[in-house]
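>>> here is my input, please return the structure:
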Amino acid sequence: MILMKKILSLLVLSIFFCGGLVFAADSTSNRKDMTLRLGMKTGTHIMYATSTPFVLEFPGEDWTFGLTYGSGKYSYSYMDYNSPTGYSTKDQNINFSTAEVTGRYYIGNSFNIPFGYASYKISYPDWVYSGVTYDIDYSITQLNYGIGNEWTYDWGGYYGIDWYQGGSKLSDTITVKLKSGTETTTTLAQATKTWKDVSAFAGIFVATFGFGF
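Residues are numbered from 1 along each chain as shown. This next block holds a predicted model:
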């Protein structure tokens, strides 16, 4: 439901900003006249959809470099059949953190090649398996790359869509801390199994929008 709301918001923003393309006829010159810009990033990418990071960028005619940072959480409920009462509903949070060093190389007025170095972290407190509770932290570093368009408007705003963003994993780390219960080789294996299969994060329709000075 949360993801659907973010997608709908993204579509509304797309209509609003793209409707003003007449004011972004010369994005190259508009970028060149800016020193700094602030914005946000979202889209159909699990890290951006959950952490909605802020963006600080230094724009230019041919290149733009910046920093991205944000954190957030995803909440859900599940049935705990190991409770003293037989079963109960419990709330669970998964915490997400995004940190990136980014760049863009512009080919023409708006078309560009985005790239960057990313560090993502997912924390899963109170992960339960067979009556054993763990705190799990998963961290990954990766190189990002993609293709996109970005329009910079005469009035100072900018809006970009990365139609596709892929990644190549550089490293990852899994930290599993026993919180309660009697640990076995099976419970420990289950606590680390899913995370070992995680690939580099990727997404589509990644939107960056904000205002420049």
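
>>> thought A49 was touching G70?
No - with contact defined as C-beta atoms under 8 Å, A49 does not reach G70; the gap is 10.7 Å. Where you see a C-beta, it was placed from the backbone N, CA and C, and this is true even at glycine.

>>> what strands flank the lengthiest strand in the chain, and is each parallel or antiparallel?
Longest strand of the chain, by residue count under DSSP state E: strand 157-180. Paired neighbours of strand 157-180 in the sheet (DSSP bridges): strand 132-152 (antiparallel), strand 203-212 (antiparallel).

>>> need these in CSV with mean pLDDT, can you?
Shown next, in CSV, are the strands paired with strand 157-180 (pLDDT from 0 to 100):
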stretch, mean pLDDT
strand 132-152, 96
strand 203-212, 96
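
>>> out of the ones you listed, the one nearest T184 is which?
Among those, the nearest to T184 by C-beta to C-beta is strand 132-152 (7.5 Å).

>>> in that closest one, what counts as buried?
For strand 132-152, the neighbour count (16 or more other C-beta atoms under 10 Å) marks 132-134, 136-142, 144-146, 148-152 as buried.

>>> just stretch 189-201 next, same as before
Going by neighbour count (16+ other C-beta under 10 Å), the buried part of stretch 189-201 is A191, W195, A200, F201.

>>> from the chain's centroid, how far away is it?
Taking C-alpha atoms, centre = their mean, to the nearest Å, one finds stretch 189-201 lying 18 Å from the centre of the chain it belongs to.

>>> and it, what's its mean pLDDT?
Mean pLDDT, computed over stretch 189-201, is 87.
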